[in-house]
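>>> coords below, sequence missing:
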């Protein structure tokens, strides 16, 4: 028995402790020429399953495929009584994935800092009833608009955050990473109102981004919400790019949880010129030295966009704290076998 134990200790690979599913089980899309306002539903890859991101069905499926955590996106709604609800939906506007149009009942306005006065259907300016009346599979196409395979199927609707937390109760070992898209003050108020209805066994399994607290961190701590986490920490990463070459890990990066996208370009990660420059190629010491520096300064490191078996095999050799994937239906079962 001692010999077997020693063999396993010496020769087993290192595995990331947390497997994170990005938006649940979702329809992946090609990223060539991707911009912040690109409608990703209009460029999905060939369809391999029936799930749509950020739905109850996709979140449950992600947990069942082996995800320890699911990342999701929330927006406040505008209600007549002035008490915002929270919906789980990714996009800042409804125009891409749904049939929402300014001339078809949506309350439209111009985008912030937009000079062309074009009106769009902004998610956080709609009522819950209106949003849940929409067909969220309406805009998905894999053949440039020739067919829309999810349109009119009607069994997927935008869920509320409350509905998702009710699902979380059934998965006592799982956690949620909440991503805030806009309207932070309104979102925070609605978020606190919602989670107060649940006991600590649920609240303690919710993580939120650094910038979300807006002066309410103490209240969130009292409610038992987990430590903050951020998928895009520009202050830290920009400073590290300037100083990491001589082994300095800036204080802006200390005691945090950092996501490092292994596929994205410098332009996509930090909004800097460098459309074809892979971000990790200029991240000093990535992966081993960077991870060691982070851990030495109380910071956890998660690799994101790990979407192939080859990438997963490479990442689990590292001393990462977690892996995020857009392909949990592929990576999850594979990780369980490993």
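Thanks, I have the structure now. As the structure is a prediction and not an experimental result, all values here were calculated from the model. Numbering: from 1, shown residues only.
>>> hey, let's count contacts and neighbours off CA atoms from now on
OK.
>>> Count the residues that sit near residue 271.
For residue 271, the neighbour count with other C-alpha atoms under 10 Å is 12.
>>> I figured residue 294 was touching residue 249, is that so?
Yes - counting by C-alpha atoms under 8 Å, residue 294 touches residue 249, with 7.3 Å between them.
>>> ok, for residue 195, nearest residue in space, not its chain neighbours?
Computed as C-alpha to C-alpha, 6 or more residues apart in numbering, the closest residue to residue 195 that is not its neighbour in sequence is residue 203, at 6.4 Å.
>>> Which residues are in contact with the one you found?
195, 223, 224, 225, 226 (C-alpha atoms under 8 Å, 6 or more residues apart in numbering).
>>> what do you get for residue 172?
201, 202.
>>> Residue 193 in helix, strand or coil?
helix (DSSP: H, G, I helix; E, B strand; the rest coil).
>>> Could you report the neighbour count for residue 235?
12.
>>> need the contact list for it.
Per C-alpha under 8 Å, 6+ apart, neighbours of residue 235: residue 252.
>>> rewinding a little: with the contacts of residue 203 in mind, which one is nearest to residue 52?
residue 195 (24.9 Å; C-alpha to C-alpha).
>>> what about the closest one, distance to residue 186?
Counting by C-alpha to C-alpha, to the nearest Å, the gap from residue 195 to residue 186 is 14 Å.
>>> Residue 273 now?
Counting by C-alpha to C-alpha, the gap from residue 273 to residue 186 is 33 Å.
>>> Neighbour count for these two, which is higher?
residue 186 (18 against 11).
>>> check which helix or strand covers that one.
Residue 186 belongs to helix 184-195 when elements are defined using DSSP states H and E.
>>> Can you name the next helix or strand after that helix?
Next helix or strand after helix 184-195 toward the C-terminus (DSSP H and E): helix 200-203.
>>> following that following helix, which helix or strand shows up next?
Assigned by DSSP H and E, the successor of helix 200-203 is strand 206-207.
>>> Each with direction, which strands does that following strand pair with?
strand 175-180 (parallel) (DSSP bridges).
>>> tell me which residues in stretch 65-82 are buried?
Across stretch 65-82, burial judged by 16 or more other C-alpha atoms under 10 Å covers 65-78.
>>> Right, I'll call it a day here.
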